[in-house]
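In: curious how this folds, go ahead:
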Amino acid sequence: MSGPDQPSVVVVGAGAAGLTAALFAARAGARVTLLESGRKPGLKILASGGGRCNVLPSEAALSDFFTHGSDKAMRNVLRGWPLDAVTRFFTDDLGLPLKTEATGKVFPVSDRARDVLDVLLQACADAGVTLRTRSRVHDLRWEADAGDAEEAQAATGPAGVWHLRLDDQPALQARRVILATGGLSLPKSGSDGTGWRVVERLGHTLTPRFPALVPITVSDAGFSGLSGVSVPVTLEVTDAGKRVAVETGDLLMTHRGLSGPAVLQISRHLACPGAEQRALTLRWLDRDWRADLGDGSAGRTAGAALRSALPRRLADLLLRRADVAPEARLATLPKHQRKALLRQLERCPIPWTGTEGYKTAEVTAGGVPLSQLHLKTLESRVAPGLHLCGELLDVTGRLGGYNFLWAWVSGRRAGEGAARLAR
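Out: Okay, the predicted model is just below:
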């Protein structure tokens, strides 16, 4: 059993989910120690949203999240702390003014991610949470209490204590441990998959994991030569001719391929296992290209028609791909060239080769199935006394604050559950 100077709950990982778990565990009466392997907590919070931190979405539905498992289980957790209540937590409880932008994304009024992290750290300090940085857990072991634990087991599960061994630091003991170590995305923030390695050793199985909300790489040097060009598009992923996903939004050309909101949203369907044969096509702008190219009364050239609607470099690339000379008159354009040009404008094939991987991915898809947890407390069914939250779990949100919403909601549930059962 943990001693009087030992925490009753240890939270491993001081990111969005871990900070929330620690705060609500402490507010529920637990003695909480929060461990962070890096020098500073909350690095992914600071890096998010270009340093502004997209704290929340302004609206949320179950369809904004993805899991390999049961949507019903995911709904159970999300409904435990509705979006409007989470918003009030930040504005009224933590005193952080928020604003909603035209995109539907919610940011701090200050446009400073640091303010989000600071209010969370201050709230944790006020609640009595002990934060220890440079504290990497390299072993987690359960030890059952000696003697008759039947009564305790009936109330809170198997009686015992977790032993946490840390690098170059004294070991810790706790009745409850919350893992909030994140996934593999943005490894510079400290995400290295440690939590998944721990739970696998303890008997958990994992759904396939892959980078999500990640830029796409392409093999056509013409596209990579358009770095900096941004255009509204509609992207479509198909598999053997069957539509898999469609996204509309801005696309940004990079020196490696494609990025921007529409690309990040649809990237999950290209990064998942077995997606190598899927095709990616796009429509440039929301306009009637057939009408545009069919109007030859003014004697326009193909180059003039495309350059009037698209950035010049992009227009010239599409003309080359269609093998149409910029000076060719639309009125006399051969049928096969008109068809080729329309294809480049309406269903432009993108020779995608993969993604930029975890280095630039905003989140990792996949992880521990919710079916392996008690949903009311997010306690492991495999390793009693261990609670999981955040990116470790097989739930992924869309771009726009949804993954932070999952972190806040699951962190709170794990924190309160661990505190209650630790008593």
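In: residue 60 contacts residue 404, correct?
Out: No - using C-beta atoms under 8 Å, residue 60 makes no contact with residue 404, being 11.0 Å away. The way it works is simple: take the backbone N, C-alpha and C, and place the C-beta from them, glycine included.
In: looking at those two, which is more packed in?
Out: Taking other C-beta atoms under 10 Å, residue 60 and residue 404 do not tie; residue 404 has more neighbours (27 against 23).
In: assumed that one was part of a helix.
Out: Yes - applying DSSP: H, G, I helix; E, B strand; the rest coil, one finds residue 404 inside a helix.
In: list the contacts for it?
Out: Taking C-beta atoms under 8 Å, 6 or more residues apart in numbering, we find residue 404 in contact with 16, 48, 53, 54, 55, 56.
In: burial count for the fifth one?
Out: Other residues within reach of residue 55, judged by other C-beta under 10 Å, total 26.
In: and what of the third one?
Out: The local packing count at residue 53 equals 27, with neighbours defined by other C-beta under 10 Å.
In: find the nearest non-adjacent residue to it, please.
Out: residue 113 (3.5 Å; C-beta to C-beta, 6 or more residues apart in numbering).
In: still on that earlier bit, tabulate the contacts of residue 404 (TSV), appending distance to residue 372 and pLDDT.
Out: Shown next, in TSV, are the contacts of residue 404 (distance: C-beta to C-beta, whole Å; pLDDT from 0 to 100):
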residue	distance to residue 372	pLDDT
16	22	98
48	28	94
53	31	97
54	29	98
55	29	98
56	27	98
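In: sort out for me which of those residues are in helices.
Out: For those, the ones inside helices are residue 16, with DSSP state H as the criterion.
In: next helix or strand past the lowest-mean-pLDDT helix or strand in the chain?
Out: Among the helical and strand segments of the chain, the one scoring lowest on mean pLDDT, DSSP states H and E is helix 150-156, with a mean of 44. The helix or strand immediately downstream of helix 150-156 is strand 160-166, counting by DSSP states H and E.
In: how about residues contacting that next one?
Out: So strand 160-166 is contacted by 1-2, 10, 12, 35, 135-145, 149, 171-177, 385-386 (C-beta under 8 Å, 6+ apart).
In: starting at the chain centroid, how far to the longest strand seen in the chain?
Out: When the chain is parsed with DSSP state E, its longest strand is strand 242-253. Strand 242-253 sits 18 Å away from the centroid of its parent chain (C-alpha atoms, centre = their mean, to the nearest Å).
In: what pairs with that strand, parallel or antiparallel?
Out: Partners of strand 242-253 in the sheet, by DSSP bridges, are strand 230-239 (antiparallel), strand 257-259 (antiparallel).
In: so which of the ones you listed is the most packed in?
Out: Compared across the strands paired with strand 242-253, strand 257-259 shows the largest average neighbour count, a mean of 24 (mean count of other C-beta atoms under 10 Å).
In: list of residues touching that strand?
Out: 215-218, 223-224, 251-253, 350, 352-353, 356.
In: likewise for stretch 43-57?
Out: Applying C-beta under 8 Å, 6+ apart, the external contacts of stretch 43-57 come out as 15-16, 64, 83, 86-87, 90, 96, 98, 104-108, 111-114, 116-117, 120, 182, 186, 188-191, 362, 400-402, 404-405, 408.
In: just the CA trace of it, in CSV.
Out: Extracted in CSV, the C-alpha atoms of stretch 43-57 (Å, rounded to 0.1, in the frame of the first residue of the first chain):
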residue,chain,number,x,y,z
LEU,A,43,4.7,21.4,-25.5
LYS,A,44,2.0,20.2,-27.9
ILE,A,45,-0.4,22.8,-26.5
LEU,A,46,2.2,25.5,-27.2
ALA,A,47,2.8,24.2,-30.8
SER,A,48,-0.8,23.9,-31.8
GLY,A,49,-2.6,26.3,-34.0
GLY,A,50,0.6,28.0,-35.1
GLY,A,51,1.2,29.0,-31.5
ARG,A,52,-2.4,30.2,-31.0
CYS,A,53,-3.9,26.9,-29.7
ASN,A,54,-7.3,25.9,-31.2
VAL,A,55,-8.7,25.0,-27.8
LEU,A,56,-12.1,23.8,-28.9
PRO,A,57,-14.5,23.6,-31.8
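In: for that stretch, what is the distance to the chain centroid?
Out: With C-alpha atoms, centre = their mean, you get 11 Å for stretch 43-57.
In: with stretch 339-355 instead?
Out: Computed by C-alpha atoms, centre = their mean, the chain-centroid distance of stretch 339-355 equals 28 Å.
In: do the same with stretch 20-28
Out: On C-alpha atoms, centre = their mean, the centre of stretch 20-28 falls 23 Å from that of its chain.
In: what does that stretch contact?
Out: Residues contacting stretch 20-28 (C-beta under 8 Å, 6+ apart): 9, 11, 14, 32, 34, 120, 123-124, 127-129, 131, 178, 180, 387, 389, 407-408, 411-412, 414-416, 418-420.
In: for the helix or strand that contains residue 305, the distance to its chain's centre please.
Out: Here residue 305 sits within helix 302-307, counting by DSSP H and E. Distance of helix 302-307 from its chain centroid, counting by C-alpha atoms, centre = their mean, is 39 Å.
In: just the closest of the contacts of residue 404 to residue 330, please.
Out: residue 54 (43.3 Å; C-beta to C-beta).
In: how close does the nearest residue to residue 108 once chain neighbours are set aside sit to residue 96?
Out: The shortest distance from residue 108 to any non-neighbouring residue, by C-beta to C-beta, 6+ apart, is to residue 115 (5.0 Å). Distance, residue 115 to residue 96, by C-beta to C-beta, to the nearest Å: 6 Å.
In: so what sits against both of these two?
Out: Shared contacts of residue 115 and residue 96 (C-beta under 8 Å, 6+ apart): residue 108.
In: for stretch 116-130, buried residues please.
Out: 116, 117, 119, 120, 121, 123, 124, 127, 129 (16 or more other C-beta atoms under 10 Å).
In: correction: the previous question concerned stretch 212-228.
Out: Quick answer for stretch 212-228 (16+ other C-beta under 10 Å): 212, 213, 214, 215, 216, 217, 218, 223, 224, 226.
In: and for stretch 129-141?
Out: Along stretch 129-141, these residues count as buried under the neighbour rule (16+ other C-beta under 10 Å): 129, 131, 135, 136, 137, 140.
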